[in-house]
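Undergrad: need a 3D model of the sequence below.
(4 chains)
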4 protein chains.
Amino acid sequence: MERLPIRTRLARVEHDRILIRGHDLCQDLLGSISFADMTGLMLIGRLPAANERRMLDALLIVLVEHGIVSSVINARLTYHTAPESIQAAVAASLLGAGSVHLGSSDICARMLQEGLAAQPELEAAAEGIAARFAAARQRIPGIGHRTHPGGDPRAERLFAIARETDVYARHCQLLELVVDAAEQHVGRRLPVNVTGAIAAISLDLGLPWQISKAFALIGRTLGTMAHIREEIEDPAAPAIDAAIKGALQVEPSP
Amino acid sequence: MERLPIRTRLARVEHDRILIRGHDLCQDLLGSISFADMTGLMLIGRLPAANERRMLDALLIVLVEHGIVSSVINARLTYHTAPESIQAAVAASLLGAGSVHLGSSDICARMLQEGLAAQPELEAAAEGIAARFAAARQRIPGIGHRTHPGGDPRAERLFAIARETDVYARHCQLLELVVDAAEQHVGRRLPVNVTGAIAAISLDLGLPWQISKAFALIGRTLGTMAHIREEIEDPAAPAIDAAIKGALQVEPSP
Amino acid sequence: MERLPIRTRLARVEHDRILIRGHDLCQDLLGSISFADMTGLMLIGRLPAANERRMLDALLIVLVEHGIVSSVINARLTYHTAPESIQAAVAASLLGAGSVHLGSSDICARMLQEGLAAQPELEAAAEGIAARFAAARQRIPGIGHRTHPGGDPRAERLFAIARETDVYARHCQLLELVVDAAEQHVGRRLPVNVTGAIAAISLDLGLPWQISKAFALIGRTLGTMAHIREEIEDPAAPAIDAAIKGALQVEPSP
Amino acid sequence: MERLPIRTRLARVEHDRILIRGHDLCQDLLGSISFADMTGLMLIGRLPAANERRMLDALLIVLVEHGIVSSVINARLTYHTAPESIQAAVAASLLGAGSVHLGSSDICARMLQEGLAAQPELEAAAEGIAARFAAARQRIPGIGHRTHPGGDPRAERLFAIARETDVYARHCQLLELVVDAAEQHVGRRLPVNVTGAIAAISLDLGLPWQISKAFALIGRTLGTMAHIREEIEDPAAPAIDAAIKGALQVEPSP
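TA: As a prediction, the model looks like this:
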């Protein structure tokens, strides 16, 4: 049987050094660069410029913490029953980063990337997207938010930073034009939400659409660890259990 | 049924703002602080000083990438069969961060924290630990490394940064004394490895032992996303499959 | 804040008994029914008849074991680095049951269920499905198999059992008609594969399309546990690691 | 680099047949054996006798359903935010099967297996176990239950079936003697609980201690799928969310 090569460009691991995309981890990176620099090196393929670093830091921070959301419930309950396996509690938390919540940035990013590929002219691309979703009577990913109906302050801040850092480019612009075009179709203004902003900015930074989810996953890993620390010191799992039992209603089996 | 309060101090989420440990996410944090600052705020409970930030960045970076290790295999194979669910590929990767590999920093951290609690005098604590493991004929967590037998260059660099940043304190010192004490017992010098260095430094930064695993989990989430990007552009899964099939040997059933 | 009820019909848990869909677990079910009966009770909503039980047993068994496939690799590598957390190794294995492999039964089931809802006449529904996929130049889920090009023996056997047990009905028939219609479009006969057979039979048993994945997940949980037992007694993880290292080719970073 | 063989005895996959421990899956197993038979074949290594099959069915069924427990919460919340990935919801559920809940059968099984290995005489082994835990002021795994303080009816029924099927042997007996011995030490009778019964019976069936967790994991995979079906038809996730928000109390940050 012929042996196919398993190829990677990311790292060369030797006995006395580790090269990451050609940089010596111990001599050139550790102690010299920040985690946002490392994020650029790993995901974009090069060390970012200072303005890009500021943008990457904002993307990495923005989803770290949003209170006792469902991914946090998963983590706290999993920690409570399997405290020997903290990585499992974090994994249970990340598994909720799907199409409906947290993980929807890739759906929006795909829409923007494919929209521009099909129609390079921005206003026409925006109108095309808005018309397609209106015809299908579907919500457009990346705009509108249940908890922040008047505008997601995180999205506004991310776009402001994108402008300040000159990262703001065609994909950010397209998403803002989609808001305008959608308003014509649905008669209501649904501002850019946080996952939409992450999606557009990720694309303008050069990431493919699938990888825009990195910021949610990295951020929530940190946030989850903070909730696990809190759970260790002041367990909420019994109160979560009690809240659920208090609302339980067992229906007769049909 | 009495309702118990589900308590958290981490965040207060309101319609137009999100307060994280009292800081306004959009006004005070986004665009102003780095991810390492956010890590300090979330895990230590306060924004770190400049020297601590440099240390945190090094801890966050050190485990991001180590080639095609088993957690990367998990991620690439999971992505290959479930590309619609990138969070699942990342979760599969993190699940390997257990007691044997990657996740062993918490075992070392617990040993150091409990060792010092039982015996505050450093040399006696180190001797106590070394003697206990020698008697049980067990390997001491946090020292020795298969791939880097002559000394893990990442551990040396982390300890150098810990000294430069003045983070180096009693737990780092204890682990180095454990190396000396263990050499007396086993007749061979097993230097501090990377998970040991992370463990000791985490404790000196004020984290409880369980949370030292945060650096492995955050780092590998980033590293895994880079491998998934590479897998999208140049799939290795078929070659991994072929390599395994090529080595397969089906034994007769007894 | 108004409290919404959390409703369930599945179980009522009391101090001295557990009622599952109205049956007393200890008095009526344990010792009296088989796991396939329980599967019917939980997923269809009633205890199955004898012929349905035979069909359910076949569905539960068919995907238990298929050698060292990628989900098994995930489980063995995860067990190797996190042996303290066997549930994590099983979870890592299940996470690969996605759209490309193992988990594709739900995609096929959805196609069949929605195809019949749109067009109740079977031949027209089959032609509609085949034409749509041919136009999109996509592979039809549930037919064709890489390892078993001449026909998946598991699918043939499942359909034979479906006929013997009288479970075979409109969804099974539709999938066989899709094979015929697709042959007209692509000029090549792609027989029903095992996930297609599971999909069609699940629907004929009364399950909604999303739940057809149950058989893959239950079966692979059992299969994974058998591989973990083998891994404990005769570890393959080092050989897997060596096979991958042997095929590794680090490319120059661009 | 020398290539190590990746060995397995479980299956031989050929183009037109699949042999599982020497049995032809399609000709000999599908349609002929039950899932409990397959469980014996995979985990014990041979097809079980009729009495063992009855015991295996009871073990497979007993943990399928126990109401809206925390692993079910995890599954429902994960499904709600990532409905495209049902395997992820099941994985999130299984990740909670750890040392505190559901997964504790392996801890009890290890205690029994190692207890008998150290002291083959049953009463002395039981007294040794009870004395050791009393000295450490720890709870003995496998006895006592919060929800069923007067005796877990599932455990009693499993042991009754173990006696009826002649599976009941030294490990079951040892666990019952541990209850007696512990009563002398703690002054209170803590009856065998359901995970304890599973542990002891698994060992008497010939499984190694680590694999006793199989019954929890297989059972909960089925139970989780039933809850996901219910969640699809009558979503509880919003009510779970509301119950938690209703009990939330954000503390001032220190």
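
Undergrad: all helices for chain A, in order.
TA: Applying DSSP state H to chain A gives helices spanning A:35-39, A:50-62, A:70-81, A:86-94, A:105-118, A:122-136, A:153-164, A:170-186, A:194-204, A:214-233, A:237-247.

Undergrad: mind listing what's buried in the fifth one?
TA: Looking back up the chat, that one is helix A:105-118. Neighbour counts over helix A:105-118 (16 or more other CB atoms under 10 Å in any protein chain shown) mark A:105, A:106, A:107, A:108, A:109, A:110, A:111, A:112, A:113, A:115, A:116 as buried. Where C-beta positions appear, they are placed from N, C-alpha and C, glycine not excepted.

Undergrad: could you redo the helices of chain A as JSON lines and give each row distance to residue A:14?
TA: Shown next, in JSON lines, are these (distance: least, CB to CB, whole Å):
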{"stretch": "helix A:35-39", "distance to residue A:14": "20"}
{"stretch": "helix A:50-62", "distance to residue A:14": "29"}
{"stretch": "helix A:70-81", "distance to residue A:14": "37"}
{"stretch": "helix A:86-94", "distance to residue A:14": "27"}
{"stretch": "helix A:105-118", "distance to residue A:14": "35"}
{"stretch": "helix A:122-136", "distance to residue A:14": "47"}
{"stretch": "helix A:153-164", "distance to residue A:14": "39"}
{"stretch": "helix A:170-186", "distance to residue A:14": "39"}
{"stretch": "helix A:194-204", "distance to residue A:14": "33"}
{"stretch": "helix A:214-233", "distance to residue A:14": "27"}
{"stretch": "helix A:237-247", "distance to residue A:14": "45"}
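
Undergrad: ranking those helices by mean neighbour count, which comes first?
TA: helix A:86-94 (a mean of 32; mean count of other CB atoms under 10 Å in any protein chain shown).

Undergrad: report the rounded mean pLDDT for it.
TA: For helix A:86-94, mean pLDDT rounds to 97.

Undergrad: output it as PDB, restricted to C-alpha atoms.
TA: C-alpha atoms of helix A:86-94 as PDB (Å, rounded to 0.1, in the frame of the first residue of the first chain):
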ATOM      1  CA  ILE A  86     -12.100  20.000  33.500                       C
ATOM      2  CA  GLN A  87     -11.400  19.600  29.800                       C
ATOM      3  CA  ALA A  88     -14.700  17.800  29.500                       C
ATOM      4  CA  ALA A  89     -16.600  20.700  31.100                       C
ATOM      5  CA  VAL A  90     -15.000  23.100  28.700                       C
ATOM      6  CA  ALA A  91     -15.700  20.800  25.700                       C
ATOM      7  CA  ALA A  92     -19.400  20.500  26.800                       C
ATOM      8  CA  SER A  93     -19.500  24.300  26.900                       C
ATOM      9  CA  LEU A  94     -18.000  24.700  23.400                       C
END
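
Undergrad: could you check the angle that helix makes with helix D:70-81?
TA: For helix A:86-94 against helix D:70-81, the angle by axes from the mean of the first three to the mean of the last three CA atoms, to 10 degrees is 40 degrees.

Undergrad: on contacts alone, who are the packing partners of helix A:86-94?
TA: Using 3 or more CB pairs under 8 Å, 6 or more residues apart in numbering or on different chains; DSSP states H and E, the elements in contact with helix A:86-94 are helix A:70-81, helix A:214-233, helix B:86-94, helix B:214-233, helix C:86-94, helix D:86-94.

Undergrad: how about a cut-off of 7 Å?
TA: In terms of contacts (3 or more CB pairs under 7 Å, 6 or more residues apart in numbering or on different chains; DSSP states H and E), helix A:86-94 is packed against helix A:70-81, helix A:214-233, helix B:86-94.

Undergrad: the shortest one vs helix A:214-233, what angle?
TA: Orientation of helix B:86-94 against helix A:214-233 (the same axes, to 10 degrees) gives an angle of 50 degrees.

Undergrad: show me the contact partners of helix B:86-94.
TA: A:87, A:90-91, A:94-95, A:97-98, A:103, A:210, A:213, A:217, B:71-72, B:74-75, B:78-79, B:82, B:217, B:220-221, B:224-225, B:228, C:74, C:92, C:95, D:85, D:88 (CB atoms under 7 Å, 6 or more residues apart in numbering or on different chains).

Undergrad: between it and helix A:105-118, how big is the angle?
TA: Angle, helix B:86-94 to helix A:105-118, by the same axes, to 10 degrees: 130 degrees.

Undergrad: off-centre distance for helix B:86-94?
TA: Averaging C-alpha positions (CA atoms, centre = their mean, to the nearest Å) puts helix B:86-94 17 Å from its chain's average.

Undergrad: likewise for stretch A:217-233?
TA: On CA atoms, centre = their mean, the centre of stretch A:217-233 falls 16 Å from the chain's centre.

Undergrad: export that stretch to CSV, keeping only CA atoms.
TA: Extracted in CSV, the C-alpha atoms of stretch A:217-233 (Å, rounded to 0.1, in the frame of the first residue of the first chain):
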residue,chain,number,x,y,z
LEU,A,217,-14.3,29.2,20.8
ILE,A,218,-11.1,30.8,22.2
GLY,A,219,-13.1,33.4,24.1
ARG,A,220,-15.6,30.9,25.6
THR,A,221,-12.7,28.6,26.7
LEU,A,222,-11.4,31.4,28.8
GLY,A,223,-14.8,32.4,30.0
THR,A,224,-15.7,28.9,30.9
MET,A,225,-12.6,28.5,33.0
ALA,A,226,-13.5,31.6,34.9
HIS,A,227,-17.0,30.1,35.6
ILE,A,228,-15.4,26.8,36.6
ARG,A,229,-13.2,28.7,39.1
GLU,A,230,-16.3,30.4,40.5
GLU,A,231,-18.1,27.0,40.6
ILE,A,232,-15.3,25.5,42.6
GLU,A,233,-15.4,28.4,45.1
